[in-house]
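> got a predicted structure here, sequence first:
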Amino acid sequence: MASPTPTELDPSSELDAVADRGPLLSRESQTLRFLLSNEFGLIVLIAIFAGVFSLFTPGFTSPFNQFTLGRTMAIDIMIGFSMMVVIVTGGLNLSVGAIGVCAAIGFGWLVETLGLPLPMALLGALALGATLGTVNGILIVRSGLHSFIITLATMSIFFGVMVFLTHAEAFRIIPPEMSAFGKMRILSYVSPLLLISIAVGVLLTCLYRLTPLGREMLAAGAKAAAAELSGVRIGRTFVICHSLSGVLAAIAATMVVARNGAAIPSMAGGLGQDWLLPAVLGPVLGGTLLTGGRVSVFGTFLGSAFVTTLTNGLLQFRVGEFWLQTWLGGLLLLAVLIDLARRRYLARGGRRMA
Amino acid sequence: MRRSDIVAKAAIAVLGMAALSLPAIAAESTKVALVPGGPHPYFAAWEKAGQDAMKDFKLGAADYRIPQKWELSQQNELLESLLSQGYNAFLVFPGDPVGSNSTVAELTENGAPVIATAGCLKEPTTALFCLGTDTGNSAYLGTKELIKAMGGKGRIAHFSGFLVDPNTQLRIDAVEKAAKETNGAVKVVQVITDIDAPEPAEEKINAYLAAHANEVDGIITTAWIPAVVASNALRKIGDKRIQMVGIDHDEVVLKAIKDGFVHGTMLQNPYGQGYIGSFALDKIRSGCKVKPDAPFKTIALTNRFIDSGTVFAGKDAVDNYVASMQAITKEIFANFASTYLSCP
């Protein structure tokens, strides 16, 4: 990965400050900065836990488990992305799950009831996701209320309208090639859904690093007033972020449809709330600031991958079902503490070097 | 020795080893996973059923494994994980009658037979068959008992389970059917669903009875927790005017029947489902096939349904409910293999 742009760094962090010496960075400092990054920490943690799971649970490395782990991971990563693009603005999108369910049901309706070909139906689902995201964005910008309030309300509205229109009926006549795609294995181990998540991650990285729009999003999230003075149209940028969130939620939803072979109203729980935890965990663990202005696409990818790997490993360990959440919470806490200790140790080394 | 000879000998050795290992694979013992849709007291009997089946049929394992939440994705992940752990036969309560089909297909494609248990999958499915309570029939019979207790007329409130549970709609339709047969003498005035969990059940049932207890003459509950909560509510109200027929065998419901606050309960047979289902999976793994012309029942979701039994227990039968369900299990088990399976 290329080094982050200045807007991606958290100036309040003492540890980052040690690493951030601007253009005067020596090779050692650059190495130290990478070693201090969230991304490196997550890579180490994933490697440690994957190693432990591989050693002590025979099923963890089996082709089928690696395939299903990758498939679940792909969906969680995409859900994380759909929240991340809004967190960039300092906001939240609580309706990611509801938008996802609406897009999935919309897709089912387009293929089953209207008989549209698969590509058209997929585009229709993404367009529906974008539309619902745009509605969120416009309401937030026009009302001036925090996105938390607006998306909390639209979560119920979107889901309620969907249940009213469909009577909670599933659409199960999904094109067979879609279901086959959800089950496809590349070299026995890899789900193609994971490749989609990687591709989307690369596109998002390009958006934030290479395009004026991406930089405007980061600037608007970091300090809206300053960005406005620099000519950034804050309202328009926020609406685009929410539209993008809707599209990404719709992509995640179509991945779930491919996985389940059906479009099911309950696929993300009541009001789509089951998506909220993976939506927030990935970006936050990955280093995206909740206050906005800083994003780490790779970090979100790794954060989601880390949580999915932990959950999968704990299932393999046959941790008692009712202890699973406790263990997951405990291991997450342990992981954060290990990471903090690593950063402190390296930061002390960095200060000595400086 | 020429290189081609070495290759040929190596190939023969590998094939020989593969051939020797085949019987070992075929003889791999049956490891059954009994997986409900989420935590729920109804399924608690599956644990004992699995243990008994393991002992009686010499299975490698018959473990009760519960998804930590009622979420389709959680159940899917658990099932996938169990397959990776070496379980090779599954009794599954489908988290969704449509959405679980994909995971069930993956299990069967990997050589693990599946029986949809306590709830059915919507056809077409790769599950062998569905073994469960004929929930529609149970709700229908329970409502008939309730109507009888109400003197053939009055107003009924129906408290049921999760809408995503494949059985809920069947139960709603069955209660409605029994009421309609009275030619308007009995009306279902309220159906409350999605309350098969303590918090929503307490909130909605108590609120409803606080406001409308005087307007109903009978209560039918077709899910475990609503039955418990409604039994407690009637005890608190203390008025035995309202008749109630519950479901399942929670101690609260049974005590309320003994004390006269509840008319009776419709017993199901979760133990029999787990025990007979584990037996059937082992038979299938040892070469038996499901008879194509077996006398399956047809219900809304599937045409391969086996009723695991249901019976009404009123005040006089409540003390012997275990014996009556064991008797049903014994009866079904006695003819199960000859009725539904063809074995070499």
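Here it is on my side, so go on. Numbers count the residues shown, from 1 in each chain, chains lettered A, B, ... in the order given.

> what helix or strand does residue A:202 sit in?
Using DSSP states H and E, residue A:202 falls within helix A:192-210.

> excluding sequence neighbours, find me the nearest residue to the residue most central in space within chain A.
Residue closest to the average C-alpha location in chain A (Cα atoms, centre = their mean): residue A:80, at 1.4 Å. For residue A:80, ignoring the flanking residues on the chain, the nearest one in space by Cβ to Cβ, 6 or more residues apart in numbering or on different chains is residue A:282 at 2.7 Å. The way it works is simple: take the backbone N, C-alpha and C, and place the C-beta from them, glycine included.

> how about residue B:131?
residue B:306 (4.8 Å).

> pLDDT wise, what is that neighbour at?
Note on residue B:306: pLDDT of 95.

> okay, now the residue of chain B found nearest chain A: neighbour count?
As assessed by Cβ to the nearest Cβ, chain A sits closest to residue B:84 within chain B, at 3.5 Å. Residue B:84: 25 surrounding residues under other Cβ atoms under 10 Å in any protein chain shown.

> you'd agree it is up against residue A:316?
Yes. If you go by Cβ atoms under 8 Å, residue B:84 and residue A:316 touch, sitting 6.8 Å apart.

> got any residues that touch both of these two?
Residues touching both residue B:84 and residue A:316 (Cβ atoms under 8 Å, 6 or more residues apart in numbering or on different chains): A:59, A:60, A:65.

> if we can go back for a sec, then the one helix or strand the residue nearest to residue A:80 maps to to CSV, C-alphas only?
Element membership of residue A:282, judged by DSSP H and E, is helix A:276-286. Output of helix A:276-286 as CSV, limited to C-alpha atoms (Å, rounded to 0.1, in the frame of the first residue of the first chain):
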residue,chain,number,x,y,z
LEU,A,276,-25.0,-3.4,12.1
LEU,A,277,-22.3,-5.2,14.0
PRO,A,278,-20.2,-6.3,11.0
ALA,A,279,-20.9,-2.9,9.5
VAL,A,280,-19.3,-1.0,12.3
LEU,A,281,-16.6,-3.5,13.5
GLY,A,282,-14.7,-3.7,10.2
PRO,A,283,-14.2,0.0,9.7
VAL,A,284,-13.5,0.8,13.4
LEU,A,285,-11.0,-2.1,13.9
GLY,A,286,-9.4,-1.1,10.6
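
> in that helix, what counts as buried?
Neighbour counts over helix A:276-286 (16 or more other Cβ atoms under 10 Å in any protein chain shown) mark A:276, A:278, A:279, A:280, A:281, A:282, A:283, A:284, A:285, A:286 as buried.

> roughly how far does the fourth one sit from chain B?
When Cβ to the nearest Cβ, to the nearest Å is the yardstick, residue A:280 and chain B sit 16 Å from each other.

> pretty sure that residue is touching residue A:83, no?
Yes. Counting by Cβ under 8 Å, residue A:280 does reach residue A:83; the two are 6.1 Å apart.

> intersection of neighbour lists for these two?
Joint contacts of residue A:280 and residue A:83 (Cβ under 8 Å, 6+ apart) are residue A:92.

> neighbours of residue 221, how many?
Using chain A. Neighbour number of residue A:221 under other Cβ under 10 Å is 27.

> oops, wrong one, chain B.
Residue B:221, neighbours per other Cβ under 10 Å, totals 34.
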